[in-house]
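Trainee: Just need the structure, nothing else, for what follows:
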Amino acid sequence: MNIKAKLLEIFEVTQISASFKKREFVVEYAENPQYPEYIKFELIQDKCGLLDQFSPGQEIDVHFNLKGRKWTDPQGNDKYFNTLQAWKLQGASQQQTQAPPATANGLDGPPAWLDDNENDVPF
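Mentor: Next up, the predicted model:
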């Protein structure tokens, strides 16, 4: 999954244990500009440094995985937790534009004689 959003806040790396660290950041996602969403992501382990090249206010493309966990508390109640775990960040200037791939016949699209509005079958 990925979204394009404006980077709002970058937090420091947090050392959770001797072998695990994470870093969180917040973006403003405005699919509908009238109602922007503020979404917190996390980076873990060697991905924590991905934020070093960015600063608040930049437009970024966040590639992430949606993670979910179940935990049962000592009283036997089930609790559920969700995490948005980012694994790749790109700035607007890093976006690469590519030409669409050519089709098998070497053309950029279907042949001119093929009309998408025609649903008639010749048999």
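
Trainee: Please count neighbours and contacts with C-alpha atoms only from this point.
Mentor: OK.

Trainee: Run through this structure and note the low-pLDDT ranges.
Mentor: Applying pLDDT under 70 to the chain picks out residues 93-123.

Trainee: Now with 50, please.
Mentor: Across the chain, the ranges flagged by pLDDT under 50 are 96-107, 113-114, 123.

Trainee: Sketch out the strands for it, chain order is fine.
Mentor: Taking DSSP state E as the criterion, the chain contains strands spanning 2-10, 14-17, 20-29, 37-44, 59-72, 78-91.

Trainee: closest to L50 out of these?
Mentor: Closest to L50 of the strands of the chain, according to C-alpha to C-alpha: strand 78-91, at 6.7 Å.

Trainee: And that closest one, what does it pack against?
Mentor: Contacts defined by 3 or more C-alpha pairs under 8 Å, 6 or more residues apart in numbering; DSSP states H and E place strand 78-91 against strand 37-44, strand 59-72.

Trainee: Buried residues in that strand, which are they?
Mentor: By 16 or more other C-alpha atoms under 10 Å, the buried positions in strand 78-91 come out as L84, Q85, A86, W87, L89, Q90, G91.
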